[in-house]
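Q: below are the sequence and a predicted model for it; my questions follow.
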Protein chains: 2
Amino acid sequence: MTDSTAPVVDVDALAAAVTKQGGVVKMLKKDGAKAEVLEPEVAKLLALRAEFDAARKAADGNKTDKPFNRAAFDDLVKRKMFVVSAFEIHGGVGGLFDLGPASCALKANILDVWRQHFILEENMLEMECTCLTPEVVLKTSGHVEKFTDLMVKDESTGDCHRADKLLEDFIDSFLESNPTLSREEQDEYRRVQRQADAYTPEELHKLFQKYGIVSPTTGNALTFPFAFNLMFKTSIGPEGVAAGYLRPETAQGLFVNFRRLLEYNSGRMPFAAAQIGLGFRNEISPRAGLLRVREFCMAEIEHFVNPQDKKHPKFASLAGQSLVLFPNDEQLGSGKTRVMTIGEAVREGIVNNETLGFFMAKTWRFMEKIGMDAARLRFRQHLKTEMAHYAADCWDLEIKSSYGWVECVGHADRACYDLMVHSKKSKVPLIASYTLPEPREEEVWVMKADKAVIGKTFKQEQKKVMAALEALTEEGGERVEAVLAELEGPEGAAEVEGCRVTRGMVTWSKVKRMVQEVKYMPSVIEPSFGIGRVLYSLLEHSFYQRKTDENRCVMAFLPRVAPIKVGVYPLLNKPEFAPFTESIVGKLTDAGISNRADATGVSVGRRYSRADEIGCPFGVTVDYETLAAQDVTVRERDSTAQIRVPIERLVPLLKGLVDGSKTWEKDAMGSFPVVRTGEEEEEGGEEGGGER
Amino acid sequence: MTDSTAPVVDVDALAAAVTKQGGVVKMLKKDGAKAEVLEPEVAKLLALRAEFDAARKAADGNKTDKPFNRAAFDDLVKRKMFVVSAFEIHGGVGGLFDLGPASCALKANILDVWRQHFILEENMLEMECTCLTPEVVLKTSGHVEKFTDLMVKDESTGDCHRADKLLEDFIDSFLESNPTLSREEQDEYRRVQRQADAYTPEELHKLFQKYGIVSPTTGNALTFPFAFNLMFKTSIGPEGVAAGYLRPETAQGLFVNFRRLLEYNSGRMPFAAAQIGLGFRNEISPRAGLLRVREFCMAEIEHFVNPQDKKHPKFASLAGQSLVLFPNDEQLGSGKTRVMTIGEAVREGIVNNETLGFFMAKTWRFMEKIGMDAARLRFRQHLKTEMAHYAADCWDLEIKSSYGWVECVGHADRACYDLMVHSKKSKVPLIASYTLPEPREEEVWVMKADKAVIGKTFKQEQKKVMAALEALTEEGGERVEAVLAELEGPEGAAEVEGCRVTRGMVTWSKVKRMVQEVKYMPSVIEPSFGIGRVLYSLLEHSFYQRKTDENRCVMAFLPRVAPIKVGVYPLLNKPEFAPFTESIVGKLTDAGISNRADATGVSVGRRYSRADEIGCPFGVTVDYETLAAQDVTVRERDSTAQIRVPIERLVPLLKGLVDGSKTWEKDAMGSFPVVRTGEEEEEGGEEGGGER
């Protein structure tokens, strides 16, 4: 990149133009347009594409064109303490990692953008609920029973392995060592691999036997796959009798607070609640660094909406956003993604509804805002077999890294499942309502219960039974019909809340009533961000090695998310420079711009390289000229270009560059004397990975 | 308050002037000054005090002068969802609370100030470590053995109680029901009460018997006090064999990362690491809302420093800060606090060293920055019996609320205890060093070991023994002398790492060497913030009822920390107002100013009252005049004064008022037409606590 701010916009604009023109050509072809109409548009498309490629290449001008270098990346990540094994000096623990100063600040900045982009712009209600969760909540949500992965054990050593991952790994290495397989055979293996986590234990066992899969570490036979619950269990209170878990997701805290949230929102629907917090999963075989860990930060949104009306008032504003989609039929078929606007995708029924589509487009824009490479993003729809029975539609935003495509943000239309189960268990109605402009006649269920008989039959349980019957009436619809059918059927009885209710105790009839308030149980549309995975992906997408010297590594963070925005470097560690350094540091700190002075006795070039490694976008150097002329050198990280800026104009310039109101190209290079353009080779190449 | 920003500063300046003048008078008295010198200074002091009282009263002009109304406060906190019981619809869990939208934003803003005030200003290294912690770490730190509270059980029901709290409560109610006790007797009880959590089980048992303390709920006899470990235990990994705990504090994560942090800091000392994150304690009897909970947010700083040099380079900049101190001798003696500058306190040896003092003053300023009432703050020194044996000094910042004085921020000089235990256990040296300007001759220990004999004797353990002997040599000093003495003593043997090392295997001698690098194990000075307690205290300190109508409650948050900065109110919910409301909301959002439009069909006065309850400092009203003149009314929360502002000047004004660069008095009241001064009674009194 010759510039960390301006060209990004240019390349993006070109990419959008290419997508748009592609759409024009596609439409013309579909409509069977004549050659004289079609050809100029195709030519225009090709020209745009060439321009885009050139711009992209130019923007990447300082980057090596070799493939991603995992060894150099891993070395940098560890050496600069972006990610370190937790409790390393005591031997560490699988799946637990600490974030050091640079990634801690990076994460805080990503979450700041997230809060602004989602919570503030969409007026969401943010909450903070506890990680410790009593058993009743997670039994109700289904996690105690179903939050499991299939595990196999080594029959001799007892070592544990996650079954689906063994299958995936087996297929990877099988295909690698059998390159002569036909295309069809390869596709078949890939199809099996894509469904790995959707198989039943029996299906997996059969596949293990068919492929002869054994323990990858010992070669021993493996047990039949069995379900292992991934929640960490503990006990709450001094008596040691109340079981609790660490939450595996933050969502449940929002669901159980629905009633208070709706009240806080003055009863207005739809609305979204959001939560940023920790989740915990006792992964069977954690690996791939930050991508599969046992403790992680999530940012979840629960958008509550009338299931009869999933339109979104702001959908039109994002409808033109192009997305890369990988619908479930393509996954099982062609294996190819499709590029289309979210407007088209919803119109064609590929994405279930506007609200789900709105959040998908909004997430895509968020990724661009924090500097993720849009060419390595796609939305993968859940397969029918992956999706919960109640879900209406699910799309994972996947990000490509050196570990392949990884799910980073789920987007699920969970229907009213969550509110329903909590409402049923707690007996607290979790419903919303809207008022019709005029009252209208409607058929409603009316219950007639014989309280005397119910009281006599169920004694202490009569209250519970009555409450259940009333809730059933309130809910209406099919469930009332089902119970009614049972009561009127040959059995003459139905089970309600574990009690045998018999014919004569209760009956329902439909009556017509004038109704103005319509009650309903809201559906939930849930975008769920794995922040640790987003963070890791951003580290990979930001990493590059300089073309001039591959030992010089750079983290190309956008200024907005960069951990430290400005490095301050006195040419020498001498007393005459100190007042300038201190004054600049003080002014930057007062302006809220994170900065770090580096007065160590190495060359300025080496100090630039050091700052490049933690992605610091701007450097300010105090030198002998500063003493005389009260000005400093400002250097931009990616272009390595340098300009000369009077000290009194320094903070406004840097503030603008960091908050995005100014660009390096125009407001820096275009407005101040240029000391070097960045074409020249920069000193400091001796730095590299070996320093310390 | 007639103004939410400016007068705060005035009152503070006056308070400082009173303190300063008080010092002058004290000095004169001490020096035995003559009356003609002394009297004018005393007169000046009295005048300043009167001015201060008047200013304080004026600043509180709109507040009721009745005492804190807990019922009204609790009602507001729950109704506006500041704090709600976690999992309320499922019956809740003791000691677990959720934060709703307003307090969630409040907390985020408090943490923003914290990051700016500590991490950014003091260039600290922030980290994020995991909550899940393997047993070895907490065994090493001493938590597995010692992180306990004394518990007693009801002998009949088995109910659990925290012993020290029972004693404290007993004394409270005993003193209340025995008002005729002599002052000396009362003081004696209070002294016992202040030491409640420092007694041994035997001492507590004696006191329980002496006072006849029984279960407060059943009146049954209680068991002998026994230690209950407060950590939540779980198991990490699918095998179920590795014990783990939820961390009871965030500090351990920083200690075990010391080596990497020092390296990241290029070896420079002193430096501080910081961490904001969750802690967990399985409290025996959680109560007092957010003050004693089982899951809480902490913000901890570990400042690593040379134990020989605890001076702080920036101490002079805070030395003049006045603090209220409650030293341990006063706690056991007069029971009175002392007001003095931190400079005096360190000079007089009341506070152990500059670095500890620096952080105490810095914490005090932080509390003022977020709007805590400085008149309800004090630093209480730990009693000798409370303090860990290794600690050099400990001061708790206590904040007064309706629950009494509560420890909210610990400030402990923990010496090198933490690094020492982790270093010993892990065999990883956790040391720093400094370079002398010139090499100097020093005596160092040199080891001579007979490796052949050691190898033959200890076989597989020889490496471990050698490493331990080398570490011992590195450490030098008394421990080498002790082992040497044992080897040369009658036993002729010493235990090293569980192995019996005998005379002849190893010996040490002192030799003189030229040394330029001096190694040492750093001391740790630890400010540790309980953010939940700070948050709760701020809620209480911010709460008031209006003098004109006590049903109208206000949260007087400073704009910087207020959850929502601006409310936007169209006079009526009519289409002609909507474009103005939307445009203002859009501009505020783009400027990063959190805001909320309220177009519900109640009077603007009621909507102001509603916003007062969540502490929204400014309101913008769109009315019929807006349509014609493109201007709006801006209202300030505490004074209820209103001005008229052209729309194009609105965002810059509000931005300045929120970030503190502008004041309401000067830049709002002084620069725009005043619609009402705030002296008149405001409509909307019908709102109050009863709404909804």
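A: Here it is on my side, so go on.

Q: going forward, measure contacts and count neighbours with C-alpha atoms only.
A: Will do.

Q: wait, what's in contact with the closest residue to chain B within the stretch 351-500 of chain A?
A: Closest to chain B within the stretch 351-500 of chain A is A:Ser426: 5.5 Å, counting by Cα to the nearest Cα. By Cα atoms under 8 Å, 6 or more residues apart in numbering or on different chains, the residues touching A:Ser426 are B:89-90.

Q: also A:Val137?
A: Contacts of A:Val137 by Cα under 8 Å, 6+ apart are A:252, A:422, B:87, B:90.

Q: so what's the third one closest to, chain neighbours aside?
A: Spelled out, it's B:Phe87. Excluding the flanking residues, the one nearest B:Phe87 by Cα to Cα, 6 or more residues apart in numbering or on different chains is A:Val256, at 6.1 Å.

Q: return the residues of the stretch 551-692 of chain A in contact with chain B.
A: A:589, A:592, A:594, A:596 (Cα under 8 Å from any Cα of the partner chain).

Q: thought the first one was touching B:Glu121?
A: Yes - contact between A:Thr589 and B:Glu121 holds when scored by Cα atoms under 8 Å: they sit 6.5 Å apart.

Q: shaky segments in chain A?
A: Along chain A, segments meeting pLDDT under 70 span A:1-12, A:55-61, A:288, A:679-692.

Q: can you tell me which strand in it is longest?
A: Counting by DSSP state E, the longest strand found in chain A is strand A:432-449.

Q: near chain B at all, that one?
A: No - Strand A:432-449 stays clear of chain B (Cα under 8 Å from any Cα), getting no nearer than 14.5 Å.

Q: how does chain A divide into domains?
A: Chain A breaks down by automatic domain parsing into domains covering A:6-59, A:98-141+A:231-417+A:525-531, A:151-227, A:435-520, A:550-676.

Q: how about the ones you listed in TSV, adding distance to B:Lys362?
A: TSV is the format used below for the domains of chain A (distance: least, Cα to Cα, whole Å):
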stretch	distance to B:Lys362
domain A:6-59	40
domain A:98-141+A:231-417+A:525-531	22
domain A:151-227	50
domain A:435-520	53
domain A:550-676	16
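
Q: can you check which of those domains gets nearest to B:Ser609?
A: Nearest to B:Ser609 among these is domain A:98-141+A:231-417+A:525-531 (14.6 Å), distances taken as Cα to Cα.

Q: chain center to the closest one: distance?
A: Distance of domain A:98-141+A:231-417+A:525-531 from its chain centroid, counting by Cα atoms, centre = their mean, to the nearest Å, is 6 Å.

Q: cool, and stretch A:668-675?
A: The answer for stretch A:668-675 is 39 Å, by Cα atoms, centre = their mean.

Q: next, the buried residues of it.
A: For stretch A:668-675, a neighbour-count test (16 or more other Cα atoms under 10 Å in any protein chain shown) marks A:668-669, A:674 as buried.

Q: rewinding a little: compare the residues of the stretch 551-692 of chain A next to chain B and tell me which is most surrounded.
A: Counting neighbours by other Cα atoms under 10 Å in any protein chain shown, A:Ser594 leads those with 22 neighbours.

Q: looking at the buried residues of stretch A:668-675, which is nearest chain B?
A: Nearest member of those to chain B, counting by Cα to the nearest Cα, is A:Ala668, at 23.1 Å.

Q: one step back: let's have the residues of the stretch 551-692 of chain A next to chain B in a markdown table, adding secondary structure.
A: A markdown table is the format used below for those (DSSP: H, G, I helix; E, B strand; the rest coil):
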| residue | secondary structure |
| --- | --- |
| A:Thr589 | helix |
| A:Gly592 | coil |
| A:Ser594 | coil |
| A:Arg596 | strand |
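
Q: mind picking the two most distant members of those residues?
A: Counting by Cα to Cα, the most remote pair of these is A:Gly592 and A:Arg596, 12.5 Å apart.

Q: which parts of the stretch 301-450 of chain A sit against chain B?
A: Residues of the stretch 301-450 of chain A found near chain B (Cα under 8 Å from any Cα) are A:425-426, A:428.

Q: one more time with 6 Å, if that's ok
A: Residues of the stretch 301-450 of chain A lying near chain B by Cα under 6 Å from any Cα of the partner chain: A:Ser426.

Q: before we move on, what about the stretch 101-250 of chain A?
A: Applying Cα under 6 Å from any Cα, one finds that the stretch 101-250 of chain A approaches chain B through A:101, A:104, A:125-129, A:233-234, A:237-238.

Q: mind putting those into CSV with neighbour count and secondary structure?
A: Listed next are these as CSV, based on neighbours: other Cα atoms under 10 Å in any protein chain shown; DSSP: H, G, I helix; E, B strand; the rest coil:
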residue, neighbour count, secondary structure
A:Pro101, 26, helix
A:Cys104, 23, helix
A:Leu125, 24, strand
A:Glu126, 25, strand
A:Met127, 25, strand
A:Glu128, 23, strand
A:Cys129, 28, coil
A:Lys233, 22, strand
A:Thr234, 21, strand
A:Gly237, 22, coil
A:Pro238, 19, coil
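
Q: can you give me the end-to-end distance of stretch A:531-550?
A: 30 Å (Cα to Cα, to the nearest Å).

Q: chain center to it, what's the gap?
A: Distance of stretch A:531-550 from the chain centroid (Cα atoms, centre = their mean) equals 18 Å.

Q: give the contact list for A:Thr621.
A: By Cα atoms under 6 Å, 6 or more residues apart in numbering or on different chains, A:Thr621 lies in contact with A:568-570, A:632-633.

Q: what about the strands in the stretch 551-692 of chain A?
A: Secondary structure of the stretch 551-692 of chain A (DSSP state E, counting those that start in this stretch): strands located at A:553-555, A:566-570, A:595-597, A:618-622, A:631-636, A:642-646, A:674-676.

Q: run through the neighbouring helices and strands of the longest one.
A: In this structure, strand A:631-636 packs against strand A:618-622, strand A:642-646, with contacts taken as 3 or more Cα pairs under 6 Å, 6 or more residues apart in numbering or on different chains; DSSP states H and E.

Q: that'll do, ta.
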